[in-house]
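**Q** here is my input, please return the structure:
(chains A and B)
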Amino acid sequence: MTGSLRWRVLLVISLAATVPTVVVGALAVLRARDGVRHEVDRGALAHIDALGAALDNTLQDAWRTVELAASSWADAPGDVRQTQLLLRRLRRSVPMVHALSIVDPDGALRIGDPVPAQLDVGNHSFGGYIGDAAYEAGRPVVYLVVQARGRTGELMGAFVASLDLGFVRTVISGAALGPGARVIVVDGAGELVASTDPPRPGAPPRGLAGVDPAVDRALASGAGGTLTANGWVSAYRNLSSYESRRGARWAILHQQPARDAYVVARETTRDTLFIGGAALALALAFGGFFATRLTRPLAALARHADAIASGSTSDPPPVRGPGEIGVLGQRIDEMARRIAERAALQSALARGDRLASVGVMSAQVAHEINNPLTTVLGYAMLLQEGKPPGHPDLEALALIESEAERMKSIIGGLLDYARAQRKTERTPGAAAAPPASCDPAAVLRHVSALLEPQLRRTRARLEVLVTATAPLAIEAHALQQVLVNLAQNAAQAMAGAHIAGGVLAIFARPAPGGIATLITVTDEGPGVPPADRAHVFDPFFTTKDAGVGTGLGLAVCKHLVATAGGTIEVGDGPHGRGAEFRVVIPNVA
Amino acid sequence: MLRASPVVAVLAVLAVLASAAAATTAGCSRPAPRPRPIRFLHTFGPAETELFNAAMAERGIAVDASLVPFARGHQMIAEQLAGRASCPDVVRVDATWLAGLAGAGLLGEVPPVLAQLDWVPEAAALAQLAGRWWGLPQALDGLVVIRDVADPAPASPSVDDLVAAARARRSEARRYPLGVRVDGYWFVPWLRDAGGELAAPAGIAGPGGVRAIARLAALFGDVAPPLPAPGSEDRDELARWRDHEVAYWITGPWQFGGLPDRDRVAVTALAHAPRGGQLLVVPRCARNPEDGWRLARELTSPQVLARYAERFATIPTRRAALRDAPALSRAAYAALGDATMLPREPVTPLLFDDLNAALAAAAAGDASAEEAAAGVARGWQRLIDRARAGASQARP
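**A** Numbering: from 1, shown residues only, chains lettered A, B, ... in the order given. All right, here's what the predicted structure looks like:
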């Protein structure tokens, strides 16, 4: 049962530790993963946005410079010297110009480098355009076609400039990239224009359309986005413009192996799992420890309860435990103690009933025996009187007389005890007796007189001191019987211990509180052993030799004192010697 | 009751750990093999492209799409289709390019079943040349006047009443209440109002053409703002509209997508306005024309048209989509009721370069209207001559 409880507690603790740990851990992992992905995407997009803006600005700067030159030329297209000067200045201003030409409105070359056949000179291009990337001698170039219009807007020709796209690589090479990352620029057909990867001399331009899903996505997109495919994380931005003059049709991509891009997420996941696992193991270990510690007192309580239920009389050690368990243990201990007390009380009651029955029966027997015994005693004494000294029967008759006397003494005790019992039993319907009262000083004086011969015989010294003056709520003869009995026992104890000149002290003084009187009877005898103190007031309990005591004296004393509402107890005498009986009798109210 | 044992405890912990592991590794799946993509050449803007990609992804249609700058689309597409290299399966073209492409024999005719769909009449007209269908109309557009609902409509759709209305709304806060662009397309209403038309060199150089150039050029710095920097027109116009600086704005549905508060927009017709649109055509060189028409039909389905209309307030070309289109789209469609298409000649899209530059020169004060018109006339004549020469060379 306790094993089951321990596993249940362990299960609850395990679930309580596991579920939050796993849930929080999973959330942390997912959030870290999403957060890192978001940041990687955002950072990559911002990166290529900046690079794309740099590329676009470079192209637009070149465009504006060529446009200004074209406008200037269109106002005086016939001045050859000025035209040549303008073209030289333009080459210096735009270093990336690879070839530069001026064509007439029909596309025929007027001056400058040869232009490609079938070149679109910009009809329906709203002033010109930046063309697609192309490869010339293995180098990527792009054509700028700028219409040259005069003051009135009339078309006078067009400036055609091929720009070396090597600047694209220069721009993107300056990017600070993460591990394994690269930036590539592709044209509208997916041809690679530039890459941060090391160039491969002599390698043909690579077409990435249909090969790299990110390139396909970039070219199909109207803006930008991210894509994870084939183990690469790609952020793309389509730089193609609805306007022909804003820039070439191309896209820029930032690509990084997923294992490098999400290394932070992976490390966070690993750390979270490690820390979570360690925390979980720790929690489970502590859980097991605390489950055991928690259930151990409960197991002890169960054993304790089992012992109580089985009626074991052994006194188990108290159950200690934290909090409510400790309180529960204390309550169970208290409950066990009360059950034991109740059992003892019931036992005492049962024994008392038995003793009462024995007492009644003994009183009847004693009463019936007393008369024949008186006859036996009388005849024994009478027969002795008629015999001369030395008569052989005298010894036997003396023995009969002494044993008869002893039997009368026993019977007298029994009758005293029985009378004391009967006095406490009220007769139904009888009038209430007047309250008892006596003067303690008078009673003690009478007791001193009664005891004097016996004390002289035992050579004990009697000291009597009375400071209490209040009348006591007890019959005088009852108090006298109590004190005589106690004094005789004390004297016999000192005599039995061969203590000559021992002091027998009887003191009567007001008890604390002033509502009762304390009478102590002390001696210098061997005292009452602690083990016997609980039984000395039981009827027929005696430590005297067989035939010496009846075992009824102290029982009668206790009964008389209790009847008067007082108490009697025994303890060690003064200075740890002898015995002291403490009798407390209520004063008359 | 739970029968507690070490096995149960271990199993429970393992189950929780397994669930967490499954949760943390969720989302890792192998991509499905890609179907053969449909090659698509388009002139969508960035936002339109994203919507297109999303719509195709939802429908599971694999598309290999490539953007062509609008200003170079005509030339590039013609070259690509003529060269037959990397021929796309379907192409989105401007309606003004249709005559040139179809005339050069570069396009395939529309399957009859597709021509019989519930096209709105203006869209159906856009897709036809001499009664033959060459493409599926994807969007209608043209020039209209939009204004704040708080401003009164011009007295009539004429350009004079429009300018007068704008002049009446001029104030310190609204110094330039008219939104108009120095562009040949915006010049068409003024040219037509003066009795001219595109592709007529004599007309542009005559009194009507000169007067039209002068009238349009005179607006800039008067009721319209001075010339913006080239390439920033869209951004500047939207900013002025957003700031309530413009009361009447001559524009088209291509700008509606950027309007921040469509509820305050009222649409008015502009007399002699051009009407055009976008078409989806399938080249004759297409390797998979069936796929091309399938994508074209998907893009012109009422569902996709409705999405474009909802997002960009474009004018749907199908009756079903137009019926449920946003109010702005339907208002623009109504305002274009009297608009007419540009001349359906191959040279038409080529005329704007000269016109734009001449108008800018006139508006900037660099040239008189006569000088600008004369330059345009010479340029147009050269283009027309070249086109005729090309056509004659192309004939066997």
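**Q** the residue in the stretch 351-500 of chain A that chain B sits nearest to in helix, strand or coil?
**A** Each residue of the stretch 351-500 of chain A has a distance to chain B, by C-beta to the nearest C-beta, and the smallest belongs to A:Arg351, at 48.6 Å. For glycine as for every other residue, the C-beta is placed from the backbone atoms N, C-alpha and C. Recorded secondary structure, A:Arg351: helix (DSSP: H, G, I helix; E, B strand; the rest coil).
**Q** what about it, how many neighbours?
**A** Residues near A:Arg351, counting by other C-beta atoms under 10 Å in any protein chain shown, number 12.
**Q** distance check, it against A:Phe540.
**A** Note on A:Arg351: its distance to A:Phe540, by C-beta to C-beta, to the nearest Å, is 12 Å.
**Q** for the stretch 351-500 of chain A, which residues score under the pLDDT cut-off?
**A** Across the stretch 351-500 of chain A, the ranges flagged by pLDDT under 70 are A:352, A:355-356, A:358-360, A:363, A:416-434.
**Q** that one: helices as residue ranges?
**A** Chain-ordered helices for the stretch 351-500 of chain A, with DSSP state H, counting those that start in this stretch as the definition, fall at A:394-424, A:440-458, A:476-496.
**Q** next, the buried residues of the shortest one.
**A** Residues of helix A:440-458 classed as buried: A:Pro440, A:Val443, A:Leu444, A:His446, A:Val447, A:Ser448, A:Leu451, A:Gln454, A:Leu455, A:Thr458 (neighbour count, 16 or more other C-beta atoms under 10 Å in any protein chain shown).
**Q** swap in the last one?
**A** Neighbour-count burial for helix A:476-496 flags A:476, A:478-495 (criterion: 16+ other C-beta under 10 Å).
**Q** list the neighbouring strands of the very next helix or strand once past that helix plus their orientation.
**A** Note on helix A:476-496: by DSSP states H and E, the next helix or strand toward the C-terminus is strand A:503-510. According to DSSP bridges, strand A:503-510 forms sheet pairs with strand A:461-466 (parallel), strand A:516-522 (antiparallel).
**Q** just give me the residue closest to the centre of the chain.
**A** Reading this off chain A. Central residue of chain A (C-alpha atoms, centre = their mean): A:Phe290, 8.3 Å from the mean position.
**Q** correction: the question concerned chain B.
**A** Central residue of chain B (C-alpha atoms, centre = their mean): B:Trp254, 5.3 Å from the mean position.
**Q** count the neighbours of the residue in chain B that chain A sits nearest to for me.
**A** Among residues of chain B, the one nearest chain A by C-beta to the nearest C-beta turns out to be B:Thr49. It sits 2.7 Å away. Using other C-beta under 10 Å as the criterion, B:Thr49 is surrounded by 21 other residues.
**Q** which residue comes closest to it once chain neighbours are left out?
**A** A:Gly222 (2.7 Å; C-beta to C-beta, 6 or more residues apart in numbering or on different chains).
**Q** now B:Arg181
**A** Beyond its immediate neighbours in the sequence, the residue positioned closest to B:Arg181 (C-beta to C-beta, 6+ apart) is B:Glu233, lying 5.6 Å away.
**Q** again, but for A:Lys558
**A** Leaving aside its sequence neighbours, A:Lys558 is closest to A:Phe537 (4.2 Å, by C-beta to C-beta, 6+ apart).
**Q** would you confirm that the one you found belongs to a strand?
**A** No: assigned with three-state DSSP, A:Phe537 falls outside any strand and is coil.
**Q** now do the SS call for B:Pro152.
**A** State at B:Pro152, reduced to three classes by three-state DSSP: coil.
**Q** before we move on, what about A:Asn123?
**A** Secondary structure for A:Asn123, judged by three-state DSSP, is coil.
**Q** need the contact list for it.
**A** For A:Asn123, the contact set (C-beta atoms under 8 Å, 6 or more residues apart in numbering or on different chains) comprises B:Gln75, B:Leu350, B:Asp353, B:Leu383.
**Q** 10 Å instead?
**A** A:Asn123 is in contact with A:105, A:107, A:147, A:155, A:158, B:72, B:74-75, B:347, B:349-354, B:383, B:386, counting by C-beta atoms under 10 Å, 6 or more residues apart in numbering or on different chains.
**Q** B:Cys87 in helix, strand or coil?
**A** Applying three-state DSSP: B:Cys87 is coil.
**Q** interface residues of the stretch 151-300 of chain B facing chain A?
**A** Proximity of the stretch 151-300 of chain B to chain A, by C-beta under 10 Å from any C-beta of the partner chain, involves residues B:Asp183, B:Gly184, B:Pro230, B:Gly231, B:Asp234.
**Q** which of those tops the neighbour count?
**A** Among those, B:Gly184 has the most neighbours (other C-beta under 10 Å), with 22 neighbours.
**Q** isn't that residue up against B:Leu191?
**A** Yes: with contact defined as C-beta atoms under 10 Å, B:Gly184 and B:Leu191 form a contacting pair (8.8 Å).
**Q** any shared contact partners between the two?
**A** Shared contacts of B:Gly184 and B:Leu191 (C-beta under 10 Å, 6+ apart): B:Leu198, B:Pro274, B:Leu355.
**Q** am I right that B:Pro157 is in a strand?
**A** No: assigned with three-state DSSP, B:Pro157 falls outside any strand and is coil.
**Q** which residues does it contact?
**A** Residues counted as contacts of B:Pro157 (C-beta under 10 Å, 6+ apart) are B:Val144, B:Val145, B:Pro189, B:Thr268, B:Ala269, B:Leu270, B:Ala271, B:His272, B:Ala273, B:Ala335, B:Asp338, B:Ala339.
**Q** out of those, which end up buried?
**A** The neighbour-count test (16+ other C-beta under 10 Å) marks B:Val144, B:Val145, B:Pro189, B:Thr268, B:Ala269, B:Leu270, B:Ala271, B:His272, B:Ala273, B:Ala335, B:Ala339 as buried among the contacts of B:Pro157.
**Q** pick out the most distant pair among these.
**A** Based on C-beta to C-beta, the longest span within the buried ones among the contacts of B:Pro157 runs between B:Thr268 and B:His272 and measures 13.8 Å.
**Q** for the stretch 201-350 of chain B, just list every one of the strands.
**A** For the stretch 201-350 of chain B, applying DSSP state E, counting those that start in this stretch gives strands covering B:248-251, B:265-268, B:274-281, B:340-341.
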